[in-house]
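>>> Here you go, sequence then predicted model.
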Amino acid sequence: MKKANISKIKAELSKYLRYVKQGEEVLILDRQRVVAKMVPVTPVDEIRIIQPEYDLKSTIAAWKGQVFDEQADIVDLLTADREDRF
């Protein structure tokens, strides 16, 4: 595992990104204290972009003027939406 101060990372970012691409982890230090870690991306970490199932503009237009339940849990709503997709 490599370690480097923020200033060194800024000056030699390409070098440290090569280490990460090769599978190394790099600890980023601020005054000898670890503040971040660069790690290689694994296939599980890759972002997957999916197309929306409906036209967002028309959905927003349909919602205009509606009052929503303030007690609704946004996490529950998102979870339900995502369960419907997969």
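Alright, I've got the coordinates.

>>> I28: neighbour count?
The criterion is other Cβ atoms under 10 Å. On that basis, I28 has 19 neighbouring residues. Yep, even glycine has a C-beta here, placed from its N, CA and C like the rest.

>>> Give me the distance between the helix or strand it falls within and the centre of its chain.
Taking DSSP states H and E as the criterion, I28 maps to strand 26-30. For strand 26-30, the distance between its averaged C-alpha position and the chain's averaged C-alpha position is 20 Å (Cα atoms, centre = their mean, to the nearest Å).

>>> domains of the protein?
As given by automatic domain parsing, the domain ranges for the chain are 2-42, 51-85.

>>> tell me the mean pLDDT for the longest one?
If I follow you right, that is domain 2-42. Computed over domain 2-42, the mean pLDDT rounds to 94.

>>> same thing with the shortest one?
Predicted confidence along domain 51-85 averages 72 (mean pLDDT).

>>> Which parts of this structure are strands?
With strands called from DSSP state E, the chain shows them at 2-5, 26-30, 33-38.

>>> would a markdown table of those with distance to A72 be doable?
Supplementary listing: the strands of the chain in a markdown table, determined by distance: least, Cβ to Cβ, whole Å:
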| stretch | distance to A72 |
| --- | --- |
| strand 2-5 | 46 |
| strand 26-30 | 39 |
| strand 33-38 | 35 |
